[in-house]
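Asks: no FASTA, just this:
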């Protein structure tokens, strides 16, 4: 059964659970921040994703991601970074009061800290968004009902020189495969939103540390 995470009670529960992490991390220096947009699409709760432009430089071009980017010295904190980047990438204005809190940080291969920020953006018509074509090739949503189905969940085991190193979640059978750090953040989000429904294969994804 899909939890009513967008109810007032569900929002209060999530805000309460995130309060400690938010207070501890929102003003701490980080390399980047992303927004995890929880939305309603055709009446169903969903997460909003972007497909990064294939014309971008770097190894993340063409990857599925959440809207976000590098922290700017002018940003007040990581929440403002996530909201600013979402506005610049998608033309989507998210008021700060719709932010529920900060999820636990993740780390890329260079050990840079990336902070996910969860916000409820309400009913959303994807056609109303104005993605920046220099940064985003496509915007799509995945309903929570889809993400919570076990047949759409997988794991990838990574080895180096023949030795097991770490395992990351993968979400399958949507418009695009969700993997890497974006899948880890998705897993964190599902654990928060649907603790009685989401049953990951692992106790938690182990990220590379070096």
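Replies: Sure, I can see it. Quick caveat: nothing in here was measured; it's all calculated off a predicted structure.

Asks: how about the helices in this protein?
Replies: 8-25, 78-90, 144-147, 180-193 (DSSP state H).

Asks: Mind putting these into a markdown table with mean pLDDT, mean neighbour count and distance to residue 33?
Replies: Glycine gets a C-beta too; all of them are placed from N, C-alpha and C. Formatted as a markdown table, the helices of the chain follow (pLDDT from 0 to 100; neighbours: other Cβ atoms under 10 Å; distance: least, Cβ to Cβ, whole Å):
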| stretch | mean pLDDT | mean neighbour count | distance to residue 33 |
| --- | --- | --- | --- |
| helix 8-25 | 95 | 15 | 10 |
| helix 78-90 | 97 | 23 | 4 |
| helix 144-147 | 96 | 18 | 22 |
| helix 180-193 | 95 | 22 | 11 |
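
Asks: got the contact list for the residue most central in space within the chain?
Replies: Of all residues in the chain, the one closest to the mean position by Cα atoms, centre = their mean is residue 36, 4.1 Å from it. Residues near residue 36 by Cβ atoms under 8 Å, 6 or more residues apart in numbering: 47, 66, 103, 116, 117, 118, 119, 185, 189.

Asks: Can you verify my assumption that residue 68 contacts residue 82?
Replies: Yes. Between residue 68 and residue 82 a contact is recorded at 5.5 Å, counting by Cβ atoms under 8 Å.

Asks: Overlap in contacts, these two.
Replies: Contact criterion Cβ under 8 Å, 6+ apart; residues shared by residue 68 and residue 82: 33, 34, 35.

Asks: Contact partners for the last one?
Replies: Contact criterion Cβ under 8 Å, 6+ apart gives 66, 67, 68, 82, 83, 85, 86, 94, 116, 117, 119 as the residues in contact with residue 35.

Asks: quick one on the thing from earlier: neighbours of the nearest residue to the residue nearest to the centre of the chain once chain neighbours are set aside, how many?
Replies: Excluding its sequence neighbours, the residue lying closest to residue 36 (Cβ to Cβ, 6 or more residues apart in numbering) is residue 118, at 4.7 Å. Each residue near residue 118 was counted by other Cβ atoms under 10 Å, and the total is 25.

Asks: so residue 118 bridges to which residues?
Replies: residue 36, residue 101 (DSSP bridges).

Asks: I'd guessed it sits against residue 14; true?
Replies: Yes. Residue 118 lies in contact with residue 14 (Cβ under 8 Å); the separation is 7.2 Å.

Asks: pLDDT weak spots in the chain?
Replies: 1-3, 54, 56-62, 164-165, 201-210 (pLDDT under 70).
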